[in-house]
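**Q** Compute the structure for the input listed below.
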Amino acid sequence: MPNSDGRKPQWQVLYEAAAQETDREKLMDLINRVEEAMMLRTKELAHSANHSEERNAMVQASENLLVIKTEKLSYPPIKMK
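**A** Just a heads-up that it's a prediction; the model follows:
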């Protein structure tokens with residue numbers, strides 16, 4: 001989902017890199033960077049009624065990050081609702 005200037009949001013670029021990363025240390029760093037970028041973007045969108053598609057994409061990406069943490073980084077499993 002490109003921004004108004006046609007570029008992907010930073011959180012999405014980082015998320016896509018994390019989804020492909022195989023090096024454990026790099027993956028941990030990327031996940032931290034994705035989560036930080038998502039938090040910043042959420043704050044940017046807080047006062048906008050638009051961007052529901054991006055918000056939904058961030059929710060899905062967050063859930064996928066939990067799976068990545070569990071499967072690739074051996075975090076304890078988390079039950080999703």
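**Q** where do the helices sit along the chain?
**A** Secondary structure of the chain, counting by DSSP state H: helices at 10-20, 24-45, 52-72.
**Q** Can you pull out the low-pLDDT segments for this structure?
**A** 1-2, 4, 78, 80-81 (pLDDT under 70).
**Q** burial measure for Arg41, as a count.
**A** 18 (other C-beta atoms under 10 Å). C-beta: built from backbone N, CA, C; applies to glycine.
**Q** Surely it and Met58 touch.
**A** Yes: applying C-beta atoms under 8 Å as the test, Arg41 and Met58 come out as touching, 7.0 Å apart.
**Q** and His51, how many neighbours?
**A** 16.
**Q** which residues do Arg41 and Met58 both contact?
**A** Trp11 (C-beta atoms under 8 Å, 6 or more residues apart in numbering).
**Q** Relative to Arg55, how far out is His47?
**A** Counting by C-beta to C-beta, to the nearest Å, the separation of His47 from Arg55 is 13 Å.
**Q** Tell me which of these two has more neighbours.
**A** Arg55 (14 against 6).
**Q** Do I have it right that that one meets Leu45?
**A** Yes: using C-beta under 8 Å, Arg55 makes contact with Leu45 at a distance of 6.5 Å.
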